[in-house]
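# Return a 3D structure for these sequence lines:
(chains A, B, C, D, E, F, G and H)
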8 protein chains.
Amino acid sequence: MNKRSLQELLKQIQDGSIEISQAMDRLRHWPVETLGEVRIDHHRDLRTGLPEAVFGETKTIPQLVEILSAMLKTPSVVLATRVDSKKAEAVCAQLPELTYHATARLLTGNKQYIPTGSGSGTVVVVTAGTSDLRVAEEARITLEWFGHTVATIYDAGVAGIHRILTQSPLLQQGRVIIVVAGMEGALPSVVAGLTGAPVIGVPSSVGYGVGAGGYSALFGMLTSCSPGLAVVNIDNGFGAACMAAAINRTP
Amino acid sequence: MNKRSLQELLKQIQDGSIEISQAMDRLRHWPVETLGEVRIDHHRDLRTGLPEAVFGETKTIPQLVEILSAMLKTPSVVLATRVDSKKAEAVCAQLPELTYHATARLLTGNKQYIPTGSGSGTVVVVTAGTSDLRVAEEARITLEWFGHTVATIYDAGVAGIHRILTQSPLLQQGRVIIVVAGMEGALPSVVAGLTGAPVIGVPSSVGYGVGAGGYSALFGMLTSCSPGLAVVNIDNGFGAACMAAAINRTP
Amino acid sequence: MNKRSLQELLKQIQDGSIEISQAMDRLRHWPVETLGEVRIDHHRDLRTGLPEAVFGETKTIPQLVEILSAMLKTPSVVLATRVDSKKAEAVCAQLPELTYHATARLLTGNKQYIPTGSGSGTVVVVTAGTSDLRVAEEARITLEWFGHTVATIYDAGVAGIHRILTQSPLLQQGRVIIVVAGMEGALPSVVAGLTGAPVIGVPSSVGYGVGAGGYSALFGMLTSCSPGLAVVNIDNGFGAACMAAAINRTP
Amino acid sequence: MNKRSLQELLKQIQDGSIEISQAMDRLRHWPVETLGEVRIDHHRDLRTGLPEAVFGETKTIPQLVEILSAMLKTPSVVLATRVDSKKAEAVCAQLPELTYHATARLLTGNKQYIPTGSGSGTVVVVTAGTSDLRVAEEARITLEWFGHTVATIYDAGVAGIHRILTQSPLLQQGRVIIVVAGMEGALPSVVAGLTGAPVIGVPSSVGYGVGAGGYSALFGMLTSCSPGLAVVNIDNGFGAACMAAAINRTP
Amino acid sequence: MNKRSLQELLKQIQDGSIEISQAMDRLRHWPVETLGEVRIDHHRDLRTGLPEAVFGETKTIPQLVEILSAMLKTPSVVLATRVDSKKAEAVCAQLPELTYHATARLLTGNKQYIPTGSGSGTVVVVTAGTSDLRVAEEARITLEWFGHTVATIYDAGVAGIHRILTQSPLLQQGRVIIVVAGMEGALPSVVAGLTGAPVIGVPSSVGYGVGAGGYSALFGMLTSCSPGLAVVNIDNGFGAACMAAAINRTP
Amino acid sequence: MNKRSLQELLKQIQDGSIEISQAMDRLRHWPVETLGEVRIDHHRDLRTGLPEAVFGETKTIPQLVEILSAMLKTPSVVLATRVDSKKAEAVCAQLPELTYHATARLLTGNKQYIPTGSGSGTVVVVTAGTSDLRVAEEARITLEWFGHTVATIYDAGVAGIHRILTQSPLLQQGRVIIVVAGMEGALPSVVAGLTGAPVIGVPSSVGYGVGAGGYSALFGMLTSCSPGLAVVNIDNGFGAACMAAAINRTP
Amino acid sequence: MNKRSLQELLKQIQDGSIEISQAMDRLRHWPVETLGEVRIDHHRDLRTGLPEAVFGETKTIPQLVEILSAMLKTPSVVLATRVDSKKAEAVCAQLPELTYHATARLLTGNKQYIPTGSGSGTVVVVTAGTSDLRVAEEARITLEWFGHTVATIYDAGVAGIHRILTQSPLLQQGRVIIVVAGMEGALPSVVAGLTGAPVIGVPSSVGYGVGAGGYSALFGMLTSCSPGLAVVNIDNGFGAACMAAAINRTP
Amino acid sequence: MNKRSLQELLKQIQDGSIEISQAMDRLRHWPVETLGEVRIDHHRDLRTGLPEAVFGETKTIPQLVEILSAMLKTPSVVLATRVDSKKAEAVCAQLPELTYHATARLLTGNKQYIPTGSGSGTVVVVTAGTSDLRVAEEARITLEWFGHTVATIYDAGVAGIHRILTQSPLLQQGRVIIVVAGMEGALPSVVAGLTGAPVIGVPSSVGYGVGAGGYSALFGMLTSCSPGLAVVNIDNGFGAACMAAAINRTP
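Residues are numbered from 1 along each chain as shown, chains lettered A, B, ... in the order given. As a prediction, the model looks like this:
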């Protein structure tokens, strides 16, 4: 039942063409959220303030082409995450208006619909090392496509603590800070100790030995003693961007 | 080296009473953050915008009495976390101006110094069940002591999904939402799907079988498909409050 | 919004005392499930066909007394799970109409309201050893309080495989079979291979070494090659009873 | 010793051509279950009410061809699970009467022998996302091949809770419900809270970070607070189908 | 159905007082193993060559008294494992003919029925440290109660490798060797490399850090490169004794 | 220092050509085990009674060719384990006197040197399913190459418990029994409950979900309640064979 | 065989009172390390350069009294680790010449035998928080009892990074640095990045949630990207002291 | 801010061209460690005494070429770790002055700048088996490139304990000893028990079953009872070399 059919139902009650008991039957399983809009992707936007994005990892090439070509026709940005280069090449061959970001494994489109004024401040994205770039870039581009301003501090891990200390002024400007780190995952702790902005830690899965899979980084971030730090799933740059967007959005 | 001693050093350079090479030697290990203030607890406030709190779990009764009596003399709120009832009784016997919150295991004092205008909106604290109260109350009281406005929705787990759906209007008012849940930890996912506010998930350790220790809840929250959700350590109500305060603070 | 307030709202639309746009606003977050009934516990019964039960492990004695005395006044059975003997003694001192089942750690009451004809067949509860009794008894008594017929086969583990083989005729009579086993948890596999009834495996946490906590039993049951076997959480006798009741209930 | 040889042995006792002590020797290891039938696969059907299925993952192409061509000659359905597309292609080249279901990775044959009247109701198969289809389809086709009626609700995860709420009427019709979900695995909890039918949760292994391998989903389902939910191994769509068939079978 | 009732059934067939079809019905679930003996404990002895032992950890004091007083009346040794000192004291107060071995946590009785000639050689029990004694003594006394000859080498861990090297002659005499070790569990590897006798490794749970619970020792023993080594569960001295008895028994 | 050099040293002491203090210096680190023989592989045979075998998994083709061609020249059997088919083909091209066993991934040679009379009885090798063959065959061929008599019972898992019960007479003949099982790993428990022979459990790694990697099978075997069962590492057919050989060897 | 008996054996060879073949027999299992000294504790000192210490955790009070009173009579320091306060009180009541260090849980004696000149430099012991003191003090006192010079920097965790930066000059003086940290365990990484001295990380087990048990700290230290860092077991302050002593000892 | 810009700032204060308040502003975030040198890689050398090395695993071929060609122009050794053979071939094609060490997966260059006199003694590198060579060689070559003297003892695992005992004299010469071992990881314990030099354990990831990934070896080393042993991450030969270099460096 969508907005229109609800309005009609209510009108039928108003004009007496339907009994209240019947109306109650029909309303019994009326979904709260589909009230506003028929289209799922539009509705999510209304509900959570974030555009729909496509999780590309488990989709086939035909599925991606079908979904993305439909989204390209709507007046909103298009974003597909975790699309490997092979899939991207095949999809872009059919939808040349899409852009592929290889490091971030993102497909984007409808740049003209990037919203303006989404954020009240700057989101700073920090990485500990070069192998964290793929996650950080996923976060950065997602945020830009959601209409937020992003600054980056890359390759500033704690093994050389001065690297992040020298960037303290830039950190202080962040309304919210995303920190991507693998191995011991200590950088978010240090950053959260240097600033009053909320810090989102993103564990990175690249590593070996007990660092393989990103669990050491995840647990390191979760056990941090620094105030103002919360964590998303390993490698979840997109999730960090959504959290940052929710924090940064204009009231 | 604090603010004053730095000023003196710079004056000595200015008036020629010290060589530049000597000054450079002395500045070589000059800590960035101790510039402003000698006292650690004051400095943290300046740096991160959050008052100092005492982690009570590993402190002895004499240690707590010594630290808290010192803090009571400063013009700021006093907060000690994870103080069990035995310790609290002994400490309060010596420091009767402290208040003990049994469910939250918090000791508080200097209520008159609760800052005003810390937050730009309301923090909503949600729990899935009654066993999550101890964590939620730790978050709630911490936030109030930091000067934030808090609303609560308790006992609204997903086994009866209507319980949270009926609270949707209150959820929508939250500038930031803390959701405490144990066992499968699914409530933060549902909440984050219903609102555009950033959601902080707090896994709760009370459970049995594979739910013991809170890992199922933690992993459930980290793998959530809902946008705008980040997580803190199991049972870390204080950490969730700090993250919420950082998000909610006035620019 | 409950049944009555919904009816009033619809009447207001009918008689024109409210605008449709206003009505839509008020209906926007109308919970599907609370339509029928105001009371949560009654509603659950309507929705899932199972009476409300109280999870006693995390409740205090005053909380238990308050909730259970309220439930005793309703025309339905009363059941509280995971109540240790100390709590039970204190609660029963105030509510002597309750009965305590020590092995099962259950408090029961309102026996006169046990429904009749709940189940279409017999539920057979099997255990591998004596230490599984506490879990099996929780399942058995819960089922009886829900109005189901239960038969038991206790102490029939696979180390002496003939013990379960001799009970095959009784197994064949089960409409559904609950099998509680700790350590290697192999008994549900064997039972599921002997019968066509659905088997619910319940891992038991009593054990030592790699059997401590019940994970070996849980994983053993999940990896069983026998068809017709599903599993609930470690020690979750109540959950197994609910699943059995749902399977066994009359159409 | 099969049915016939047993009859002969008993006749020999009857007509005195064998001593009782000799008979006892021969009976000493007489297998209970092979009484009825010589063929293992037929016997399983008699014993558990489910047709034999071939676990294809660890079988070679020649092994599959040999077993399946033998099964095709019997008057019962043919089903091989976990056959990847390469193997399937090779097997079907030799046994063109088989059908390959690519998403479900199933090989089926002897459709004319699908039993009728196996189930007393409808089995509803639900998935949280598109990546759960391979598991759900394995369950759906298995059930259909076992003679059960199946309905499906795909792509209804909790991040948009309205998606499952709108399907509540269909859910209510299920005699038993299979819910496949990966990542946090919260959907079975929500479904079990909405219906009185027994729910079988199937964790799905597709995911990343702490969701990799399906453990988060598994643990989330096991720790669910909703009554009437049991769980099978990760990705075990076939096992869920067997459990559903055992629940749904006509008495 | 036991030996006698089987004989009667066969006689009924012989004298024509029962139809073959009826006999087949009754034989349908006839348990193979209960043929010889009615009593479970006697039967196990016949089947596996090892006397029955009582697992005391999960038994109550009344249960232990009941079972053990019954066993004391049979002509075989009495052995109860994992009986803590409190339980033991209470049980011995009622059954003074029992002996309690505090380190091994064993209750023993009926010494006069220790079998003679059980073993073909000597079992050598080795420990790495003093905290492994409780496990080693459980194995040693169990073996002696089963009628085997035991020699011991205690406190011979690899941190001082010469301690075990000097005992090499005694090791060479063992028909089978049990090695109990905690922490890194390396001693069984070294022993298995020094001798041709089969070595049974028993991980010990006493330790701290990553050694807590005995998993490091268990995994160390399982990954040993030395030939002729197999492992039992953590702290399972009784199980090691059973395996050693099975190996050592006279043909 | 080998046998000869030790003899020379002792002679030098005898004839006075060396001082005792010098001799003591030289003897200070004299290795116990290299006394008898210079060659490592010969020495192991003397020390542990088992021929040297080559662990092929981590060796390159040239390394294998070099080692195996050297071993082929000695008067003892040649055995290389965990050699995949690619390596095997390359090695056999250069050493055509070797035989490759594809299922067992073994290279063997010098069949004429298989010792006779190694074992006092038969070793029975049992598997639960077809995917356990590769491990069972590794054990079987290793044992035969060590001079032991082997019988096999393949595909006798507990899902159809009668399959192993019918083989009970063969089981009873085993001086030692090896049981390979994956998934829940319950078969060794059942076998150990049926016989008095020592049972060696070998967990198999083939499986999915919580059965992946063989941990469920391993833990299932370790927690078995059946007496007379010990376990080797996952997939370690060779290790099981060595343990069986040590048990079975003639005194 | 000790030094003296070896000398006698060699003399017997020299004077012809023993045959070389006999001598070789007796030497066959001659332990390398017991050459020098009969007493185990003295020998360890000779072999590894570290005095014997008693691991108190698994010893009873009588055992501790017996061992320590014997050690007090030798001319070397006495050290017992992991002695809880109850045991310590009982032991000191009988051996009043011992000193108990409550935080470090150490018993010490024979202070007059602390060696001089053991170390070539200073060992710096650093902790992240107050709950790490018990581990740090175990390390500090052990080192002092072994004759090393120790300096300490306590409560300098990374949440306030300036706390360790201000101590950089003291860090630079360390020949070796021990860093104790719990929770995320990031401090050793930072310290190792600031200095060229070898750093020994000691994870501390005090924590909660994913920090419970010290695994997060352990894995954080192992995955550190800083050069010159190695790790000991969780809470192993004694082990860290031994490693530091081995590094610092004079050539 | 580097050394020069700091000097200029101080001069400006000295000559009055800048106000003290302004100077303090500019100094507020002045990084301690970048004082001495502009270049990061040079600075690390100054700070920790170890040359910069490139972690090759996560770098692309163009990145490696760019970084390494820049490093080749500096007067210091060039070292890139974890470069697989494909990458190495491509890089060397463009930078033929580099040398590739296939077993160690290292790229090296600028051999003429190997420092002299880095170490005060010999570093001994020991392995348990042939599959540990890749880790040991990474350590050995790294150490040689850092200017240290290295000796090796390869293939000396504990299954044949005499293999390491015979090498005791060489072990005694080590100022520091690196021991690489997989599977049960027992060799470092034995080595640390034989010598007074500090031992660095390196777990090796090659193995199967519970040995897969190197966790058994890691935990075995961490729980060792031998004094003077610390551990680095699994397979971290480079990290072991850095620790050894820090220990061995001349004061």
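
# hey, let's count contacts and neighbours off CA atoms from now on
Will do.

# residues from chain A in reach of chain B?
Counting by Cα under 8 Å from any Cα of the partner chain, the positions of chain A adjacent to chain B are A:47-50, A:176, A:192-200, A:222-223, A:227-233, A:239-240, A:242-247.

# if you set the cut-off to 6 Å instead, what comes out?
A:47-49, A:195-198, A:222, A:227-233, A:242-243, A:246-247 (Cα under 6 Å from any Cα of the partner chain).

# Okay, strands next: where are they in the stretch 151-251 of chain A?
Under the criterion DSSP state E, counting those that start in this stretch, strands of the stretch 151-251 of chain A are mapped to A:174-181, A:199-203, A:229-231.

# Output the contacting helices and strands for the second one.
For strand A:199-203, the contact count by 3 or more Cα pairs under 6 Å, 6 or more residues apart in numbering or on different chains; DSSP states H and E identifies strand A:174-181, strand A:229-231 as packing neighbours.

# now the longest one
Other elements packing on strand A:174-181 under the criterion 3+ Cα pairs under 6 Å, 6+ apart are strand A:122-127, strand A:199-203.

# Recalculate using a threshold of 7 Å.
Judged by 3 or more Cα pairs under 7 Å, 6 or more residues apart in numbering or on different chains; DSSP states H and E, the packing partners of strand A:174-181 are strand A:122-127, strand A:199-203, helix A:237-248.

# just checking, which of those sits deepest inside the structure?
Of all the helices and strands packed on strand A:174-181, strand A:199-203 carries the top mean neighbour count, a mean of 33, counting by mean count of other Cα atoms under 10 Å in any protein chain shown.

# picking that back up, out of the residues of chain A next to chain B, which end up buried?
Neighbour counting with 16 or more other Cα atoms under 10 Å in any protein chain shown marks A:47-49, A:195-198, A:222, A:227-233, A:242-243, A:246-247 as buried within the residues of chain A next to chain B.

# Within reach of chain E, which of the residues you listed are there?
When those are checked against chain E using Cα under 7 Å from any Cα of the partner chain, none falls in range.

# Please read off the pLDDT at residue A:223 from the model.
pLDDT recorded at residue A:223 is 93.

# Nearest spatial neighbour of residue A:184, chain-adjacent residues omitted?
Using Cα to Cα, 6 or more residues apart in numbering or on different chains and skipping the chain neighbours, the partner closest in space to residue A:184 is residue G:220 (4.2 Å).

# is it true that that neighbour touches residue G:186?
Yes: contact criterion Cα atoms under 7 Å: residue G:220 and residue G:186 qualify, at 6.4 Å.

# Quick one: closest of the helices and strands packed on strand A:199-203 to residue C:165.
strand A:229-231 (52.4 Å; Cα to Cα).

# Can you give the contact residues for that closest one?
Residues from elsewhere that reach strand A:229-231, judged by Cα atoms under 7 Å, 6 or more residues apart in numbering or on different chains: A:192, A:198-202, A:221-222, B:230-232, B:243.

# got a list of what the residue in the stretch 51-200 of chain A positioned nearest to chain D touches?
Proximity to chain D, evaluated over the stretch 51-200 of chain A using Cα to the nearest Cα, is greatest for residue A:58 at 5.6 Å. If a contact means Cα under 7 Å, 6+ apart, then residue A:58 has residue D:131 as its contacts.

# Next: residue A:104.
Residue A:104 neighbours (Cα under 7 Å, 6+ apart): A:134-135, A:137-138.

# Roughly how far does the closest residue to residue A:15 other than its chain neighbours sit from chain E?
In this structure, residue A:15 finds its nearest non-sequential neighbour in residue C:14, 7.0 Å apart by Cα to Cα, 6+ apart. Going from residue C:14 to chain E by Cα to the nearest Cα, to the nearest Å gives 68 Å.

# backbone phi and psi for residue C:14, please?
The phi/psi pair for residue C:14 (degrees, to the nearest 10) reads phi -60, psi -50.

# mind listing what it touches?
A:13-16.

# Same list, the strands of the stretch 151-251 of chain A, but as CSV with mean pLDDT please.
Formatted as CSV, those follow (pLDDT from 0 to 100):
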stretch, mean pLDDT
strand A:174-181, 96
strand A:199-203, 97
strand A:229-231, 97
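
# So which of these is nearest residue H:167?
Checking the strands of the stretch 151-251 of chain A against residue H:167 by Cα to Cα gives strand A:174-181 as the closest, at 42.9 Å.

# Show me the contact partners of that closest one.
With Cα under 7 Å, 6+ apart as the criterion, strand A:174-181 contacts A:121-128, A:132, A:136, A:187-188, A:197-204, A:217, A:240, A:244, A:248.

# ok, how many other residues are close to residue A:163?
For residue A:163, the number of neighbouring residues by other Cα atoms under 10 Å in any protein chain shown comes to 20.

# you'd agree it is up against residue A:153?
No: Residue A:163 lies out of contact with residue A:153 (Cα under 7 Å); the separation is 9.6 Å.

# picking that back up, would you mind saying which of the helices and strands packed on strand A:174-181 lies nearest residue G:91?
Taking Cα to Cα, strand A:199-203 is the member of the helices and strands packed on strand A:174-181 nearest to residue G:91, at 49.0 Å.

# What distance do you get for whatever residue of chain A ends up closest to chain C to residue C:22?
Closest residue of chain A to chain C, Cα to the nearest Cα: residue A:14 (4.4 Å). Distance of residue A:14 to residue C:22, computed by Cα to Cα, to the nearest Å: 13 Å.

# Nearest residue to whichever residue of chain A sits closest to chain E in space, please, no chain neighbours.
Proximity of chain A to chain E (Cα to the nearest Cα) peaks at residue A:210, 13.4 Å away. Among residues not flanking residue A:210 along the chain, residue G:219 sits closest, at 6.2 Å (Cα to Cα, 6+ apart).

# I'd assumed residue A:216 was in contact with the one you found.
Yes: applying Cα under 7 Å, one finds residue G:219 in contact with residue A:216, separated by 5.5 Å.

# shared neighbours of these two, anything?
residue A:210.

# Can you mark which positions in stretch A:8-19 are buried?
A:9-14.

# Give me the below-cutoff pLDDT ranges for chain A.
Counting by pLDDT under 70, the ranges of chain A that qualify are A:1-7, A:10, A:21-48, A:251.
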